[in-house]
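Asker: one predicted model, sequence on top.
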Amino acid sequence: MPEHVTDRTPQRRWLDLPNMLSMSRVALAVAFPFARTPLPQAVLIALAAASDFFDGWFARARHTASKWGALLDPITDRVFVIVALATYVFIGALTTGEYFTMIMRDLATAIGFLVARFVPSLKRVTFKARLAGKITTTVQLLVLLAVPLAPQLVRPLVIAVGVLSVWAIIDYTLALQRARAAA
């Protein structure tokens, strides 16, 4: 843990602004299935995207980054995205194939995490966000916005997410291999 946060109790760190912003995405995810028209859907997506940007920005600016926050951020991102995508599938705005294309990277990441965690021969390394993953998440959010606001863009954006997901999976895999070799 960074030295600049050691004087704070775990309970106080949990209540930091960055962590609260991350947790807000869970509340937004709960609200999303009830947003049945384009404007409320777009507002919830914009709020989720803003909270994703600002949680990291505040954590870095205030020097309150923590292991817990680094874990919480991507989990709450995935919760929001998966709930929004499932809602779109349920109402017929996305196909099942588009849904699985959109979550392909998330599935690969979850499987990779489980393998790395439970295979004793693998060296443990720190898993960090990478540019490929950030770009993929950004385009995922664009898809979520395109569904209510520009449906004609959904298919090309989903294809872009598929391509970016493959890039992100390869990028993360190679980065982890290099980190293990260096450890």
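Answerer: Sure thing, it's come through.

Asker: look up how far Leu47 lies from the spatially closest residue to Arg105 that is not a sequence neighbour.
Answerer: The shortest distance from Arg105 to any non-neighbouring residue, by C-beta to C-beta, 6 or more residues apart in numbering, is to Ser165 (3.8 Å). (C-beta placed from N, C-alpha, C; glycine too.) Separation of Ser165 from Leu47 (C-beta to C-beta, to the nearest Å) stands at 24 Å.

Asker: so these two - more neighbours on which side?
Answerer: Under the criterion of other C-beta atoms under 10 Å, the comparison of Ser165 against Leu47 puts Ser165 first, with 24 against 16.

Asker: residues in contact with the closest residue to Ala175 other than its chain neighbours?
Answerer: Nearest residue to Ala175, sequence neighbours excluded (C-beta to C-beta, 6+ apart): Arg130, at 6.2 Å. Shown in contact with Arg130 (C-beta atoms under 8 Å, 6 or more residues apart in numbering): 168, 171-172, 175.

Asker: try 7 Å
Answerer: Contacts for Arg130 (C-beta atoms under 7 Å, 6 or more residues apart in numbering) come out as 171-172, 175.

Asker: ok so, going back, contacting residues for the residue nearest to Arg105?
Answerer: 104-105, 136.

Asker: using the record's assignment, carve this protein into domains.
Answerer: Dividing the chain into domains by automatic domain parsing, as the record does, gives the ranges 1-93, 95-183.

Asker: where does this protein have its least confident helix or strand?
Answerer: Least confident helix or strand of the chain, by mean pLDDT, DSSP states H and E, is helix 10-14 with a mean of 54.

Asker: residues contacting the next helix or strand after that helix, please?
Answerer: Sequence-wise, the next helix or strand downstream of helix 10-14 (DSSP states H and E) is helix 17-31. With C-beta under 7 Å, 6+ apart as the test, helix 17-31 has contacts from 44, 47-48, 51-52, 54-55, 58-59, 64, 69, 72-73, 76-77, 79-80, 83.

Asker: ditto for stretch 94-110
Answerer: Outside stretch 94-110, the residues that touch it by C-beta under 7 Å, 6+ apart are 78, 82, 85, 88-89, 136, 140, 143, 147, 158, 161-162, 165, 168-169, 172.

Asker: could you redo the last one with a cut-off of 10 Å?
Answerer: 74, 77-78, 81-82, 84-90, 127, 132-133, 136-137, 139-140, 143-144, 147, 154-155, 157-170, 172-173 (C-beta atoms under 10 Å, 6 or more residues apart in numbering).

Asker: sec struct for the closest residue to Ala179 other than its chain neighbours, please.
Answerer: Among residues not flanking Ala179 along the chain, Val125 sits closest, at 4.0 Å (C-beta to C-beta, 6+ apart). Under DSSP: H, G, I helix; E, B strand; the rest coil, the three-state class of Val125 is coil.

Asker: surely Val125 touches Arg178?
Answerer: Yes: under the criterion of C-beta atoms under 10 Å, Val125 makes contact with Arg178 at 9.1 Å.
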